[in-house]
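Peer 1: Need coordinates for the following:
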Amino acid sequence: MPAKTALDSQALEKVAAFFKVFAEPTRLAILQHLRKGKSSVNEIVEALSTSQANVSKQLRTLYEAGLLTREQQGNQVFYAIGEPMVFELCDLVCDKLNRRAKAESAVTYEI
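Peer 2: Numbers count the residues shown, from 1 in each chain. This is a model prediction of the structure:
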């Protein structure tokens, strides 16, 4: 397998910005909720027991990062996972945390 080319500073900034999207627990909770299928904003608010303003802000961030799709149906907006690789990434992170937790005899993680 050929060696990968090192990223320049601009590319590294883009990668870092993408990873920052996952650094907010509410965003992770939204992704976890949407793993079951598309949901309206109201359904997400109800499932997460947080404010609509907070959910809308986090949905916008996830959508702008290209992770979600959105669809207007009447006066409701429905969101769904638009980039399935997000769960591959989450699974990798959870697997790593689970290995550490098992080594420390602690709780396991799953998104």
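Peer 1: Okay, and V45 sits in which element?
Peer 2: The secondary structure element spanning V45 is helix 41-48 (assigned by DSSP states H and E).
Peer 1: what's the next secondary structure element after that helix?
Peer 2: For helix 41-48, the succeeding helix or strand toward the C-terminus, using DSSP H and E, is helix 52-64.
Peer 1: Give me the distance from the helix or strand bottoming out on mean pLDDT in the chain to the chain's centre.
Peer 2: The helix or strand of the chain with the lowest confidence, counting by mean pLDDT, DSSP states H and E, is helix 85-103 at a mean of 89. When C-alpha coordinates are averaged (CA atoms, centre = their mean, to the nearest Å), helix 85-103 and its chain have centres 14 Å apart.
Peer 1: quick one, that helix and helix 52-64 angle?
Peer 2: For helix 85-103 against helix 52-64, the angle by axes from the mean of the first three to the mean of the last three CA atoms, to 10 degrees is 110 degrees.
Peer 1: Packing partners of helix 85-103?
Peer 2: In terms of contact count using 3 or more CB pairs under 8 Å, 6 or more residues apart in numbering; DSSP states H and E, helix 85-103 is assigned the packing partners helix 25-34. In this view, the C-beta of every residue, glycine as well, is placed from N, C-alpha and C.
Peer 1: State the pLDDT value of the closest residue to E24 other than its chain neighbours.
Peer 2: The shortest distance from E24 to any non-neighbouring residue, by CB to CB, 6 or more residues apart in numbering, is to Q58 (6.4 Å). Here, the pLDDT recorded for Q58 equals 98.
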